[in-house]
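> please find the sequence and the predicted model below.
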Amino acid sequence: MSLSHYDPLASLRAVENAFTRLLTEPQTNRPWAPAVDIYETENELVVKADLPDVESKDIDVRVENQTLTIAGERKFAASSNEKGYHRIERSYGNFVRSFAVPNAFDTDKINAAYNNGVLTVTLTKKETAKPRQIKIETTT
């Protein structure tokens, strides 16, 4: 009769190895969403999205039905003369972010600029939505 070694943690190690492979192997179809900051000034709504290593030609900015949509793709380009990767933690592939735009902003007056991996989308506030001071008349 032969004795075999029983390892109670074998199945746990198999899951850990699969998870490690998931994080370290390139996954070009893993969903990801860029981080954004949205703030409002007196005259504008500003959306800033972090899109490092995304070319401007791969970014699509649209406004439809009071919804701002930022979509695009970050491509994984492993050069043949690079050494083997030890870890790949950044996500690659397509992304889409959508935001409701309040009616106070004019979706016909929208600007988009891309600089140093940051996309800045600016929407101008409608004149009717801007704060205005009302002069108080006194009657005596």
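Yep, that arrived. None of these values were measured; they are calculated from a predicted model. Numbering: from 1, shown residues only.
> CA only for contacts and neighbour counts going forward, please
OK.
> where does this protein dip in pLDDT?
1-6, 21-30, 78-83, 129-130 (pLDDT under 70).
> tell me what the host helix or strand of residue 14 is packed against?
If you go by DSSP states H and E, residue 14 is part of helix 10-24. The contact analysis (3 or more C-alpha pairs under 8 Å, 6 or more residues apart in numbering; DSSP states H and E) places helix 10-24 against no helix or strand.
> show me what counts as buried in it.
Buried positions in helix 10-24, judged by neighbour count with 16 or more other C-alpha atoms under 10 Å: none.
> check which element follows that helix along the chain.
Trace forward from helix 10-24 with DSSP H and E and the next one is strand 36-40.
> in PDB, could you pull the C-alpha coordinates for that following strand?
The C-alpha coordinates for strand 36-40 follow below in PDB (Å, rounded to 0.1, in the frame of the first residue of the first chain):
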ATOM      1  CA  VAL A  36     -12.600  61.500 -14.000                       C
ATOM      2  CA  ASP A  37     -13.000  64.800 -12.100                       C
ATOM      3  CA  ILE A  38     -16.100  66.900 -12.700                       C
ATOM      4  CA  TYR A  39     -16.400  70.400 -11.400                       C
ATOM      5  CA  GLU A  40     -18.500  73.500 -12.000                       C
END
